[in-house]
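S.K.: show me how the following folds:
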Amino acid sequence: MATHNGYVSGGRLLHKGDITWADKTAWSDYTKWIEYTDTSIETETGAKGTPLRFESNIIDLGAVKYVYPVIRVGVDGHQRTVIEYSEVDSNMISPKTTIGYYTHNNAIGGAIVTYTVLDYTEPGYTDAGNGVYSSTNYDLGYMGFKARYIRLTTYVEYFDNNNQRQQPILYNVNTEYRHDTVERVLEDAIPGDFIQPTSTPQHYIGANTGPDGPLTAVNITPHHNALYPDTQPVIIEKSGAGVTFAVVDGSGNDIVDWTVDIAMKSLPEIHETPQGVERVRGEI
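M.R.: So this is what the prediction gives:
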C-alpha cells in the first residue's frame, strides 16, 4: 500500500512536521502549523526536519513491457520522483532497478546523491548523469525501461529565504506508461562503420538510435554476396547502449566482407522537468 510521512487534508498531502504531544503538552504551546526539530539531515540539507515523502503502491503492468514514464506532479515546493522497477519481483525487493535517485537508499535519512538539495535549484538542470556516494554510482537521469512492476517515490522540499523548511504540499502524482517508439535505419552499413572488439565470432558495436531510450526491436537484413550466399546476421545483445551483432555463415564462421541494412526501434528520450518527467521531443 502507499505510504507517506504526512497527513491528508482536502485531497492534499501535507508534511506533519515532527512535534508531538511528547514535546508540547498544551494547545497554547503550538504557535505554528508546522515545526521541525529533527537534526538527522540538518548538516546535509541546511535545515532541521525532513522532506515530504510519498511512496506509491506497486503498479503491475500485467506483463513485461517496454515503457517510458510521463510523470506530472503538483506541489508547493520542488519535487523529485524516484522510479523503481522489476521484471519479476512483485514485492520490489530483488532484483530491481532504481533511476532518478534522490537519496542513496531511497529513504528520508539516506545520503543525498543529487548535486543539489531539492528546492535550492529548479529540477532538471543539474541532476543528470551519475551521483556518487561511498564510491558507488547512482543513476540520476531518466529513461525508458523493460518491466512489469513499478513503484514511484516522490520527495518534496520547500524552504523559505532563511533556508528553513516550510510546509511542502503534494497535490497529485499523475503517471502514464507509454510504449510509442522512434525509428532509425542504417543503410548499406559495412564492418568499418562499427567498433570491433576482439571476440569469436567477431562482434560489431555501435548501431543505436542516438540519445533515445533502450532499443525495443532490431532487424538486420544482409545484402546479397555471391561469396557468402548463406550470410546470417546474429544479434548478440540489445541494450540501452545499442545493438551488438555478428555476421556469420551457415556453419557459424565469421564473414568479414558484408553489407547490411539495420532497422531499429527504441523508446524515446525523456528528461526531468520542474513538473516531473516528460518526453524530450514532445508528445505524441
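S.K.: for this protein, which element, helix or strand, carries the lowest mean pLDDT?
M.R.: strand 130-133 (a mean of 81; mean pLDDT, DSSP states H and E).
S.K.: sheet partners, orientation included, of that one?
M.R.: Applying DSSP bridges, strand 130-133 is found paired with strand 136-139 (antiparallel).
S.K.: report the buried residues of the strand it pairs with.
M.R.: 138-139 (16 or more other Cβ atoms under 10 Å). Heads up, the C-betas are built off the backbone N, CA and C, glycines and all.
S.K.: chain center to it: distance?
M.R.: Relative to its parent chain, strand 136-139 has a centroid offset of 12 Å by Cα atoms, centre = their mean, to the nearest Å.
S.K.: which residues sit against that strand?
M.R.: For strand 136-139, the surrounding residues in contact (Cβ atoms under 8 Å, 6 or more residues apart in numbering) are 98-101, 104, 113, 130-132.
S.K.: how about the secondary structure of G192?
M.R.: For G192, the assignment made with DSSP: H, G, I helix; E, B strand; the rest coil gives helix.
S.K.: next one, pLDDT for it please.
M.R.: pLDDT for G192: 92.
S.K.: repeat that for the one 10 residues further on.
M.R.: Looking at Q202, its pLDDT stands at 90.
S.K.: that one: how many residues sit nearby?
M.R.: Counted with other Cβ atoms under 10 Å, residues neighbouring Q202 total 17.
S.K.: measure it to K96 for me?
M.R.: Q202 sits 35 Å away from K96, taking Cβ to Cβ, to the nearest Å as the criterion.
S.K.: with T103 instead?
M.R.: Computed with Cβ to Cβ, the distance linking T103 and K96 is 16 Å.
S.K.: same question for N162.
M.R.: From N162 to K96 the distance is 39 Å (Cβ to Cβ).
S.K.: kindly report the same for A246.
M.R.: In terms of Cβ to Cβ, A246 sits 31 Å off from K96.
S.K.: so what strands line up beside the longest strand along the chain?
M.R.: The strand that spans the most residues within the chain, counting by DSSP state E, is strand 59-76. According to DSSP bridges, strand 59-76 forms sheet pairs with strand 145-157 (antiparallel), strand 169-178 (antiparallel), strand 276-279 (antiparallel).
S.K.: Y66: which of those is closest?
M.R.: strand 145-157 (5.2 Å; Cβ to Cβ).
S.K.: CA-only coordinates of that closest one in CSV, if you can.
M.R.: Output of strand 145-157 as CSV, limited to C-alpha atoms (Å, rounded to 0.1, in the frame of the first residue of the first chain):
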residue,chain,number,x,y,z
PHE,A,145,12.9,0.5,-19.4
LYS,A,146,11.6,-3.0,-19.6
ALA,A,147,9.5,-4.0,-16.6
ARG,A,148,6.3,-5.4,-15.2
TYR,A,149,6.3,-3.9,-11.7
ILE,A,150,6.9,-0.2,-11.0
ARG,A,151,6.9,1.9,-7.8
LEU,A,152,7.3,5.7,-7.5
THR,A,153,8.6,7.7,-4.6
THR,A,154,8.1,11.4,-4.6
TYR,A,155,10.1,13.8,-2.4
VAL,A,156,9.0,17.4,-1.9
GLU,A,157,11.1,20.2,-0.3
